[in-house]
Every structure is written in C-alpha cells, then in structure tokens.
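Peer 1: just need the structure, nothing else, for what follows:
(chains A, B, C and D)
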There are 2 protein chains.
Amino acid sequence: MAVQNKTQFAILGILSIAPGTGYDIKRYCDTVISNVWHENFGHIYPVLSSLLKEGLVDLSEDQTIVRKKVYSISEKGLEKFMDWLVMPAEYQPVRSEFMLKFLFSSNLPDDHIIKMVEDYRNRHSAKLIEFLKVEESLKNIQTEISEKRVHFLNATVRYGILTSESAILWCDETLAIFKNINIIGSKV
Amino acid sequence: MAVQNKTQFAILGILSIAPGTGYDIKRYCDTVISNVWHENFGHIYPVLSSLLKEGLVDLSEDQTIVRKKVYSISEKGLEKFMDWLVMPAEYQPVRSEFMLKFLFSSNLPDDHIIKMVEDYRNRHSAKLIEFLKVEESLKNIQTEISEKRVHFLNATVRYGILTSESAILWCDETLAIFKNINIIGSKV
DNA sequence: CTAACCATGTAATCCGTTACATGATTAC
DNA sequence: GTAATCATGTAACGGATTACATGGTTAG
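Peer 2: So this is what the prediction gives:
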C-alpha cells in the first residue's frame, strides 16, 4: 500500500525546490515554512524510505560524505506531487486547545482569565516580531532564488503576520471587555 | 492506562455545562464550538466509555427513553477537568495544507494561483457570514444561560470573525500582488 | 411511507509524536 | 576537549479518522 499521508507531499514539495537530506527537510520546516507546516524526524525518515521504495525520490550517487543521504525528487514523484498540488486543499477541522480552555473558563476568577489571555497575547506578539524580521530580510535578499519564488515566500510570511495580528487584536478586544466586567463587578 | 487525549477534556468540558448524550456532545461540537473544536463519533463513544470506567462521568439513572445514555460529569471528573483547565495551553504546531500548496505553486500558471486564492477567500467569506449571524443571535438571546457564559461564547465567535477577516485580508493582499505581476508579466 | 434525524457503537487503519539509540563533525 | 550541531534511524504508543453496522423516532 502506498503512503497516503500529507508528510509525503511536504517532503516531495521541499525536494522539488532542491535536493536534500532528511535533516535538511526538517530544518526547512523549522525555519522557512515553520508558520505553515511542521514535521518530526520520526516521521520524515520512514516516509523518505517508503518514497524511495516507491520510486518517488532518488538517492544521489555522489556520496562524497558517508552517513549522509541526499534525496531528490524523481520524475514519477514530481508527477504525483503535481497531481496533489492542483487538487483543492481539503477543509481542515479546527482544534484550538487555547480557545477550548478559554470557552470553559467562565467559572474561573477574572484575574486568571486575564492572565491567560495576556500570556496568549505575548506568545503571538513574539511570533509577530519574528515574522516582521523575516519579512524585512526578504526585502534585502540577494536573490539566489528566483524572483517569483520570493513572492510566494513573502506571501507566506504575510500570512503569519496577519494571523498574529488578528490573534493580538482578539486578545486586546477580549481583555478590554473582561477588564471592564471586572471593574463593574467590583463596583456593584 | 488512563486516556491522555484532548477529547476527554472537550467531553468533560461540555458535560460540565450540561449533562448530555454522545450525540449531544457531537452536535455541540458541530454548532456552538465548531470554530474552535472538532470531534468524531468514532472517538466520542469509546472515550465516553473509558471516562465512565474511570469514574470521571456518571450515567443518569432516569432512563425514561431506552437507547439513550445521558452522561454527566462526576466530582472526580470535574477535578480532573479543572486541573487541565488551569494549565497553560500547549503550543500547537501549525499545519495548513492550503498554505503548503500555495507555497509550492510558483511553477503553476498565474490564473491557477489566482483561482485557488479566490476559492480560499470564498470559503472564508462564507464562514464570516455564518459567524456574523451567530454574533447577532447572541445579542438577542433570551438568556437561559448565565450572562457571564454569553461573554465567553461571544468572545469565541469574535475569534472566528477575526480569523476569517484576517484570512480574507491575506487573500485580497495576495490577489492584488499576483494580479499585478500578471499584468506586468503580460506587458513585458 | 419515506426521508431526515436521533442514537450508539466497533473495527481497521494510519498518521504522527515521543522517546530511545547512536555516532560524526564543527566551533569555541 | 567538550558542547552544539549534523545526521539517521527504530519502537512503542496513542490519538483520530473513516467506514461499517444497526435501528428507533419524527416530520412532511
């Protein structure tokens, strides 16, 4: 049975940009596309093996350095990848643990709620700063990558920025309301 | 071994508001909290069983209607739930299939990219309209639920609204850029 | 009467995480 | 020399999805 997971497509996509090792793929996830995708080593290596078995990726021959397996996407792999790429993305059900907790917190003391929202805000605030730095660095890029790809990378970063900003906005809105309730409650 | 999943806490939380059946829990997920959480029947029923075995939920005695199991949270269950509730939410790694596809689409024709972003925009646009309706209905609520809980429900809906708006904003921004590239490209 | 909805469950599968294990290379 | 990083993998487990199976109740 062929693997049906998303990890394979993430791997094929990353290899479609440039050949690399499993370690490279992981690093790419942790840096360039960290705001849209995530992978573990424990999944990357087995999936790479099965992709190789299916002929969707190749192992590069010039193994100058031992212990390092440089994979590249095969023609067959590229075909399978493109087939997946042009299909509309499936709807993904939401699961926000933070919002789930928040929703059930009506019996917790106000200051606990305020603190939890503030913490959430700080997290997104830190993310936002990160993204803004990346955005800045993309502007000054000495383009080894094609100009077109920069547009896509930039749009991805913009996605991170807008998402963070929206989360921060929600926090501010919510804090304003709950602090207000707090004051009214303590005055009555 | 005790279950360690998130589903149990979602179930305990929902039962902490009101007793109900597995079916009720599913419906609650699909409506009230659909923009923050998601569950399947195939997971709800087994987890309910194991929660019962562990004494974290009770089966109501007045089984007027057969074939219907009304669960309620036990004192022990409430304790476990509260312990989880006050812990800060774990960081959740992002996995957006749409953004993953988008990121790798630099070799696809411009009109395909524009169409995929437009579709994404339409989806969020529809969601936004839904959320705005819910927001409106919360204003006119003949409050059987406590006034405080309404604030939490409202904040959750606001989260959905802001998230949708931010996604739509990203689409508009991206469409503007890519349509512009398109024009420049066709002129040169 | 029949379609939609209410209601509960099981089985198969698999997707992904976490922990464990190992060792080479590079930078300080 | 030692800490950090590069590099590859396996094993165990669990968490969640999907499909399957069954049947009662209600509304038109």
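
Peer 1: hey, which helix is longest across chain A?
Peer 2: Using DSSP state H to define each element, chain A has its longest helix at helix A:147-187.

Peer 1: helices or strands up against that one?
Peer 2: helix A:110-139, helix B:97-103, helix B:147-187 (3 or more CB pairs under 8 Å, 6 or more residues apart in numbering or on different chains; DSSP states H and E). Yep, even glycine has a C-beta here, placed from its N, CA and C like the rest.

Peer 1: let's go with 10 Å and repeat that
Peer 2: In terms of contacts (3 or more CB pairs under 10 Å, 6 or more residues apart in numbering or on different chains; DSSP states H and E), helix A:147-187 is packed against helix A:97-103, helix A:110-139, helix B:97-103, helix B:110-139, helix B:147-187.

Peer 1: centre of the chain versus it, how much separation?
Peer 2: For helix A:147-187, the separation from the chain centroid amounts to 17 Å (computed by CA atoms, centre = their mean, to the nearest Å).

Peer 1: number of nearby residues for whichever residue of chain A sits closest to DNA strand C?
Peer 2: Proximity of chain A to DNA strand C (CB to the nearest atom of the strand) peaks at residue A:42, 2.0 Å away. For residue A:42, the tally of surrounding residues (other CB atoms under 10 Å in any protein chain shown) stands at 7.

Peer 1: tell me the domain ranges of chain A?
Peer 2: Domain ranges of chain A: A:7-85, A:97-180, per automatic domain parsing.

Peer 1: turn these into TSV, including mean pLDDT.
Peer 2: As requested, the domains of chain A are exported to TSV (pLDDT from 0 to 100):
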stretch	mean pLDDT
domain A:7-85	93
domain A:97-180	92
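
Peer 1: out of those domains, which comes closest to DNA strand D?
Peer 2: Using CB to the nearest atom of the strand, the domains of chain A put domain A:7-85 closest to DNA strand D, at 3.4 Å.

Peer 1: and chain B, is that closest one touching that?
Peer 2: Yes. Using CB under 10 Å from any CB of the partner chain, domain A:7-85 reaches chain B at A:7, A:9-10, A:12-14, A:16-17, A:29, A:32-40, A:81-82, A:84-85.

Peer 1: thinking again about what came up before, for residue B:59, which of the helices and strands packed on helix A:147-187 is the nearest?
Peer 2: Nearest of these to residue B:59, taken as CB to CB: helix A:97-103 at 24.4 Å.

Peer 1: give the contact list for residue A:106.
Peer 2: The contact partners of residue A:106, taken as CB atoms under 10 Å, 6 or more residues apart in numbering or on different chains, are A:113, B:16, B:17, B:145, B:146, B:147, B:148, B:149, B:150, B:151, B:152, B:153.

Peer 1: cool, residue A:170 as well?
Peer 2: Contact partners of residue A:170, counting by CB under 10 Å, 6+ apart, are A:99, A:117, A:120-121, A:124, B:155-156, B:158-163, B:166.

Peer 1: let's have those in JSON lines, adding distance to residue B:72 and neighbour count.
Peer 2: As requested, these are arranged in JSON lines below (distance: CB to CB, whole Å; neighbours: other CB atoms under 10 Å in any protein chain shown):
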{"residue": "A:99", "distance to residue B:72": "24", "neighbour count": "22"}
{"residue": "A:117", "distance to residue B:72": "29", "neighbour count": "22"}
{"residue": "A:120", "distance to residue B:72": "30", "neighbour count": "21"}
{"residue": "A:121", "distance to residue B:72": "35", "neighbour count": "18"}
{"residue": "A:124", "distance to residue B:72": "36", "neighbour count": "19"}
{"residue": "B:155", "distance to residue B:72": "26", "neighbour count": "19"}
{"residue": "B:156", "distance to residue B:72": "23", "neighbour count": "25"}
{"residue": "B:158", "distance to residue B:72": "30", "neighbour count": "18"}
{"residue": "B:159", "distance to residue B:72": "28", "neighbour count": "25"}
{"residue": "B:160", "distance to residue B:72": "29", "neighbour count": "22"}
{"residue": "B:161", "distance to residue B:72": "33", "neighbour count": "20"}
{"residue": "B:162", "distance to residue B:72": "34", "neighbour count": "19"}
{"residue": "B:163", "distance to residue B:72": "32", "neighbour count": "23"}
{"residue": "B:166", "distance to residue B:72": "38", "neighbour count": "21"}
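
Peer 1: I'd like the residues you listed laid out as a markdown table, including distance to residue A:56.
Peer 2: Below are those laid out as a markdown table (distance: CB to CB, whole Å):
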| residue | distance to residue A:56 |
| --- | --- |
| A:99 | 38 |
| A:117 | 45 |
| A:120 | 40 |
| A:121 | 43 |
| A:124 | 37 |
| B:155 | 46 |
| B:156 | 42 |
| B:158 | 44 |
| B:159 | 39 |
| B:160 | 38 |
| B:161 | 42 |
| B:162 | 40 |
| B:163 | 35 |
| B:166 | 35 |
